[in-house]
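Student: Kindly return the folded structure for what I paste below:
(2 chains)
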Amino acid sequence: QQQVKQSPQSLIVQKGGISIINCAYENTAFDYFPWYQQFPGKGPALLIAIRPDVSEKKEGRFTISFNKSAKQFSLHIMDSQPGDSATYFCAPGGAGGTSYGKLTFGQGTILTVHP
Amino acid sequence: NAGVMQNPRHLVRRRGQEARLRCSPMKGHSHVYWYRQLPEEGLKFMVYLQKENIIDESGMPKERFSAEFPKEGPSILRIQQVVRGDSAAYFCASSQTTGELFFGEGSRLTVL
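Tutor: Modelled structure (predicted):
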């Protein structure tokens, strides 16, 4: 059973464009919705996260939009830059009152931003 | 303030040998998590530990894998009698109580 599904698997964007990555989940007990960024050979790093009591959160060029009824959340990267080229993972967690450290990662989206 | 430190970064073992992966959490963090990442896949939760206690090991294979986080020293993920399917990147992460997870750079295990 695939609990978390990301799309697209890969994405190519021109510099200055908008990158949009979507994440659909099944477990309605999730109450923490982060996006992680991973560069080759490195560990994932938290990019931005949202709790279910808000529908949108913006930090700089990065925005999370959350749709609780549809069980989906998305990452928007405005003014995409070549340095944003990386793999992005959604990783909802926090189900059942456990620590927010037990995350369920999506399969990842490889973003390439062309100069 | 050093981040999460993992060693070794790369480890090569032959089938049947043991692999030991170490993780020192960030200063002040008492929660440690281990995740496994197979090639071109997302990370999969393995185990969650606090000092001297295993809190959640629901993602650990039933055999050959064990983890500990002693009162003193790093957390250890131990894989006995490794098989080729154990080849993966193993990531450790730490956090304060229920805060942000900080990941190490991973230990990449290759089983020949």
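
Student: Return the residues of chain A in contact with chain B.
Tutor: A:4, A:41-46, A:49, A:89, A:91, A:98-108 (Cβ under 8 Å from any Cβ of the partner chain). To be clear about C-beta, it is placed using only N, CA and C from the backbone, and glycine gets the same treatment.

Student: let's see 10 Å
Tutor: A:4, A:6, A:9, A:32, A:34, A:36, A:38, A:41-46, A:49, A:87, A:89-91, A:93-94, A:97-108, A:110 (Cβ under 10 Å from any Cβ of the partner chain).

Student: Provide a ChimeraX selection command restricted to the buried entries of those.
Tutor: Those of those that count as buried under 16 or more other Cβ atoms under 10 Å in any protein chain shown are selected in ChimeraX with:
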select /A:4,6,32,34,36,38,43,44,49,87,89,90,91,93,94,99,100,101,102,103,104,105,106,107,108
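
Student: if I read this right, B:Ala19 contacts B:Leu109, doesn't it?
Tutor: Yes - here B:Ala19 reaches B:Leu109: they are 5.6 Å apart, a contact under Cβ atoms under 10 Å.

Student: where do the contact lists of those two overlap?
Tutor: Shared contacts of B:Ala19 and B:Leu109 (Cβ atoms under 10 Å, 6 or more residues apart in numbering or on different chains): B:8, B:11-13, B:77, B:79, B:82, B:86, B:90.

Student: tell me, what residue is most central in chain B?
Tutor: B:Trp34 (3.9 Å; Cα atoms, centre = their mean).

Student: need the contact list for the residue lying closest to A:Asn67 once chain neighbours are set aside.
Tutor: Counting by Cβ to Cβ, 6 or more residues apart in numbering or on different chains, A:Phe73 is the residue found nearest to A:Asn67 once chain neighbours are left out, at 6.8 Å. Neighbour list for A:Phe73: A:21-25, A:30, A:33-35, A:49-50, A:52, A:55-56, A:64-67, A:90, A:92 [criterion: Cβ under 10 Å, 6+ apart].

Student: Check B:Pro74 too.
Tutor: Taking Cβ under 10 Å, 6+ apart, we find B:Pro74 in contact with B:5-7, B:21-25, B:32, B:68, B:92.

Student: about what we covered before: neighbour-wise, which one of the shared contacts of B:Ala19 and B:Leu109 leads?
Tutor: B:Leu77 (26 neighbours; other Cβ atoms under 10 Å in any protein chain shown).

Student: Of the contacts of A:Phe73, select the buried ones using a PyMOL command.
Tutor: Entered in PyMOL, the line below selects the buried ones among the contacts of A:Phe73, by 16+ other Cβ under 10 Å:
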select buried, chain A and resi 21+22+23+24+25+30+33+34+35+49+50+64+65+66+90+92
